[in-house]
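Chemist: Sequence first, then the predicted structure, then my questions.
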Amino acid sequence: MFNAQYFRTFITLVETGSFTHTARRLDMTQPGVSQHIRKLEKYLGKPLLNRHGRRFTLTEAGRRAYDYAIRLFAEHEHFRHSLDNESPHSGECRVASPGSIGLMFYPFILGYQQMHPGLTVNYSFAFNHEIVQGVLAGRHDLGIVTERVRHPELHFEPWHQEPLCLVVPADFTGTSLQELMALGFINYSDGLNHAGQLLRANFAGEFRSMSHFPRQGFTNEVAMVLDAVARGLGFTVISRLVLETSPWQRQVKALTLPNQVYESLYIVTQSGSDLPRRYQQLLDDFRDERRNTLYGLVEEPGFDI
């Protein structure tokens, strides 16, 4: 019969290298330690130790049993902590987001994981519709999306707003809509929507439609769109998060515009779900840090519901 205590005794024996020290650490008698090892060997049907008087070495089966036992108890501890929904620093986080937010949020969560070994991360980068389907199917406990959909099994909550940036090559000297049109547009999955919002807000008397802008290229990976801009192939409009995390940020520049436009971010979960506290801790801490970076002591903009 499987007995976890036998494996625990075996782990301690291997780590201490002594039956006597094992007995002291586990508050057992030395014959009791020997009995646990014999019963474990009988259960596995293999000798675990080569005995040399008071000393011993591990057999091949013993080495494999030790490795298995370590994994077994590590998984047990992880499972035990995952049941504690009130702990802000332990358990598994299953999150999905677009690359625009994930480029900064995922490293932030990894920093949490380094400080709190009881925390594990399962992070997916995906498009909005894939995130929604993943939350519905239970693959993600929480999703971050840039737009809401109507669905009776989903709950959307406003979370954060990121400024949109009109980004041009570093040597671009133009400022007018006509000069931007001559440069051409680099598109991505949300590019046309973002560009239309920002240009309409800042060139209200001139802007008509993004259909008037020559398309100089497309990528479905927002993290790569600034490569094309840095090469002088066109301009784009992206979240400031993408600009700040881009390796090409020194080869491009964001034009200063009079009217700021924001990308709204929403948290999507299954309706009626009660998320563990660790999720709210991560969301609140990241948002507070990000808001402080963006706005400092200045009042942040109201959320566009």
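Modeler: Thanks, I have the structure now.

Chemist: Just the element for Asn220, please.
Modeler: Take DSSP states H and E as the rule and Asn220 turns out to sit in neither a helix nor a strand.

Chemist: Tell me, how many residues neighbour the residue lying closest to it once chain neighbours are set aside?
Modeler: Spatially, and ignoring its direct neighbours in sequence, Asn220 is nearest to Ser189 (5.8 Å; C-beta to C-beta, 6 or more residues apart in numbering). For the C-beta atoms, the positions are set from N, CA and C on the backbone; glycine is no exception. Using other C-beta atoms under 10 Å, Ser189 has 19 neighbouring residues.

Chemist: Next one: Ser189 from Ile238, what distance?
Modeler: Ser189 sits 11 Å away from Ile238, taking C-beta to C-beta, to the nearest Å as the criterion.

Chemist: In this structure the residue nearest to Asn220 contacts Phe127, no?
Modeler: Yes. Between Ser189 and Phe127 there is a contact under C-beta atoms under 8 Å: 6.1 Å.

Chemist: Name the residues contacting each of those two.
Modeler: Pro98 (C-beta atoms under 8 Å, 6 or more residues apart in numbering).

Chemist: For Ser189 and Ile238, list the residues in contact with both.
Modeler: In contact with both Ser189 and Ile238: Val222, using C-beta under 8 Å, 6+ apart.

Chemist: distance of Gly99 from Val242?
Modeler: Per C-beta to C-beta, Gly99 is found 8 Å from Val242.

Chemist: remind me, longest strand of the protein?
Modeler: strand 154-169 (DSSP state E).

Chemist: Only the buried residues of that one, if you could.
Modeler: By 16 or more other C-beta atoms under 10 Å, the buried positions in strand 154-169 come out as 154-156, 159-169.

Chemist: of all those residues, which two lie farthest apart?
Modeler: Within the buried residues of strand 154-169, His155 and Pro169 form the most distant pair, 41.9 Å apart (C-beta to C-beta).

Chemist: contacts for the lowest-mean-pLDDT helix or strand in the chain?
Modeler: In the chain, no helix or strand scores lower on mean pLDDT, DSSP states H and E than helix 60-82, which sits at a mean of 80. Here helix 60-82 makes contact (C-beta under 8 Å, 6+ apart) with 4, 7-8, 10-11, 14, 40, 44, 46-49, 58, 87, 90-92, 118, 120.

Chemist: how about 7 Å then?
Modeler: Here helix 60-82 makes contact (C-beta atoms under 7 Å, 6 or more residues apart in numbering) with 7, 10-11, 14, 44, 46-49, 58, 87, 90-92, 118, 120.
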